[in-house]
Structures are given as structure tokens and as C-alpha cells.
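Trainee: based on what follows, work out the 3D shape:
(one chain, ligands or ions: 1)
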Amino acid sequence: MTKADATRPIRFGRIDYTNVWPVFHYFDPAKLRSNTELVYGMPAELNRQLRAGEIDISAVSSFAYGLNADDYLLLPDLSVSALGEVQSLLLFLKSPLEKVLSGKIALTTTSATTVNLLKIVMKKFLGGDPEYVTTEPDLERMLETADAALLIGDHAIRASWRDHGYRVLDLGDLWRQWTGQWMTFAVWAVRREAAERYPEAIGEIYRALVDSKRQSAADPVPLIQEAERRIGGTASYWRGYFGGLCHDFGAEQREGLSLYFQYAKELGLMDKSVRLADWSEASARV
Ligand SMILES: C=C(O[C@@H]1C=C(C(=O)O)C=C[C@H]1O)C(=O)O
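Mentor: I've put the predicted structure just below:
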């Protein structure tokens with residue numbers, strides 16, 4: 001290992017959306033023994049950076065994990081999942097649904113999981129075949145030329161609060177209606193080479209994330225207050241929002257995500273089957 005390698009910080013990607021807050025709220029890199037640098041970004045940008053090795057570990061779109069499962073390991077029991085409605089994965093319809101099915105849909109540049117979930121819903125569940133264009137997440141501009149627009153994260157939340165008059169479909173709700181399953185939108189992944197190279201640091205980061213998740217679940221009030229302060233909305237909105245999300249990744253979430261990967265492969269959205277592979281502290285210590 002060169003000197004530069006030995007001193008280089010671990011680069012850790014944090015999605016700059018409220019949905020990951022419970023896992024990051026009490027996570028403070030300054031309290032770690034290892035030199036860890038947080039890199040904030042939209043999911044699609046962090047997906048790219050983890051793929052390129054510019055960051056070592058990150059919250060990423062679950063779809064991006066699926067594309068790169070040979071090179072990544074999952075940090076166990078961490079995810080952004082929901083059974084049903086999420087409130088931040090929204091398709092805004094300017095035209096009636098029948099027209100959207102053969103019309104044009106504008107997709108946010110920030111997403112990977114939800115754009116592919118929408119393609120699954122459109123094709124497999126609703127029998128549609130719309131044209132897709134990818135654009136910056138600006139609802140009014142998207143709908144100038146498209147019949148519908150997909151937004152995720154805080155872009156979707158802010159747009160949903162406006163008096164827009166559009167019909168809105170929640171992708172978490174659609175997935176549940178058609179499959180009865182959980183859906184997992186984001187996971188925490190580490191590059192296999194980073195897991196081998198920095199086993200103690202990854203273990204330390206992992207324990208700190210699990211600890212943050214536990215503290216957030218025990219008392220969501222600080223997160224709710226911070227969301228009100230930074231983004232707006234009411235305490236009851238944020239209570240409902242955080243309450244509808246699950247940051248665990250147990251058997252039910254794994255089953256739902258595996259079904260999503262199966263459909264994505266069936267429709268040619270990814271070319272390989274995905275086997276979920278977990279990082280483990282015990283194996284990293286050997
Ligand atoms: C719940 C959400 O999950 C997300 C959806 C993602 C995607 O579609 O690729 C990626 C990360 C999460 O931000 C959300 O964005 O609101």
C-alpha cells in the first residue's frame with residue numbers, strides 16, 4: 001500500500017434526501033477512529049461514483065446495487081423500504097392515465113430504482129408502452145412537454161405540497177397493489193475491494209449507522225423538528241412520512257426486492273439475475 005493509500009480517507013456517500021435521515025442523523029464521522037469523509041449527492045450521482053470507485057461505500061439505489069452485485073456487498077439490515085405508500089415517489093399526471101400509457105413520461109435525473117419500477121408498472125402491470133425522457137426534477141418544466149412526470153425524494157415532497165391540481169400516483173402504493181410485497185428503494189453498499197482493504201473502518205462505520213437507526217427509531221422527534229425547520233411542512237406530515245418508511249432489511253424486504261430484480265431482468269432492464277450478498281463483520285475480521 002502506498003503512503004497516499006494509507007492516509008486517504010474512506011469516502012462515504014450520503015443521499016441528500018430526507019428519506020435516509022434516520023440512518024444518518026446520529027452518525028458523526030468526526031467521532032470515528034477511521035478517517036471518513038462524507039460525500040453528499042443525489043442517488044443517481046452516488047450510484048455513478050460508487051461504480052467508478054470514487055467513493056468506497058454509500059447509500060445507493062437498490063437498482064444500482066442489482067447492476068453491480070458482483071462488485072458490491074450489502075450492509076446488513078439497512079435500507080429505505082416501504083409496504084405501500086411512500087409519499088416521495090410520485091408520478092404526476094397531466095393527462096388521463098389511458099393517454100399516459102402511450103404518451104410521454106418525463107423522469108427525474110436523480111433516480112434509478114423508481115424509474116425502473118415505473119417501467120415495470122407501466123409495461124407489466126398496466127400494459128402501457130410510453131416514451132421516456134430524462135430531465136432535471138422540475139415539475140412544471142417536465143409537464144410542459146410530457147403527459148406525466150416522475151419525481152422522487154424531497155423534489156417529490158415539495159412538489160406534492162404545491163397547489164398543482166394534477167392526479168398523483170404513489171409508486172410504493174402501485175407496487176403493493178400489484179404484488180402485495182414490500183419494496184426497497186435504497187440500500188447501503190460497500191465495494192468489495194474496500195471491504196477487504198479497510199475491514200475495521202467499515203465495521204466501525206456500520207456499527208455507527210445501526211446505532212443511529214436505533215436512536216432515530218426510539219425517538220423520531222428530533223428528526224421531525226429538523227425536517228420542519230429545514231424543509232417546511234408540519235410535524236404531523238413528517239411523523240407520517242418517517243412512520244411510513246422502514247430502514248431495516250429483513251426477510252420480507254429481501255423478498256420484495258428479489259421480485260423487483262426478477263421483473264427487471266424479465267423486461268430487459270438488467271441483464272443478470274441478482275443474488276443479494278451481505279457484508280459481515282465476522283468474515284471481514286478473518
Ligand atoms: C424513498 C425514496 O427512495 C429513494 C429512491 C431512489 C431511486 O429511485 O433510485 C434512491 C434512493 C432513495 O432516495 C425517495 O427517494 O423518496
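Trainee: please parse this protein into its domains.
Mentor: Segmentation of the chain into domains, based on automatic domain parsing, reads 3-81+183-285, 89-179.
Trainee: straight-line length of the shortest one, end to end?
Mentor: The separation between the terminal residues of domain 89-179, taken as Cα to Cα, to the nearest Å, is 17 Å.
Trainee: dump the domains of the chain into TSV; add mean neighbour count and distance to the ligand as well.
Mentor: For every residue, glycine as well, the C-beta is placed using N, CA and C. Below are the domains of the chain laid out as TSV (neighbours: other Cβ atoms under 10 Å; distance: least, Cβ to the nearest ligand atom, whole Å):
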stretch	mean neighbour count	distance to the ligand
domain 3-81+183-285	18	3
domain 89-179	19	3
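Trainee: any chance of TSV for those, columns mean pLDDT?
Mentor: As requested, those are exported to TSV (pLDDT from 0 to 100):
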stretch	mean pLDDT
domain 3-81+183-285	95
domain 89-179	98
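Trainee: let me see the ranges of the strands in the stretch 51-200 of the chain.
Mentor: Along the stretch 51-200 of the chain, the segments classed as strands by DSSP state E, counting those that start in this stretch run 57-61, 72-82, 89-93, 104-108, 131-135, 148-152, 167-170, 183-191.
Trainee: I'd like those as JSON lines, with distance to H247 appended.
Mentor: Below are the strands of the stretch 51-200 of the chain laid out as JSON lines (distance: least, Cβ to Cβ, whole Å):
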{"stretch": "strand 57-61", "distance to H247": "10"}
{"stretch": "strand 72-82", "distance to H247": "6"}
{"stretch": "strand 89-93", "distance to H247": "16"}
{"stretch": "strand 104-108", "distance to H247": "22"}
{"stretch": "strand 131-135", "distance to H247": "28"}
{"stretch": "strand 148-152", "distance to H247": "17"}
{"stretch": "strand 167-170", "distance to H247": "19"}
{"stretch": "strand 183-191", "distance to H247": "9"}
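Trainee: OK, contacts around the residue nearest to S160 when sequence neighbours are not counted?
Mentor: Closest residue in space to S160, ignoring its immediate chain neighbours: L90 at 6.0 Å, by Cβ to Cβ, 6 or more residues apart in numbering. Residues in contact with L90, defined by Cβ atoms under 8 Å, 6 or more residues apart in numbering, are 150-152, 156, 159-160, 168-171.
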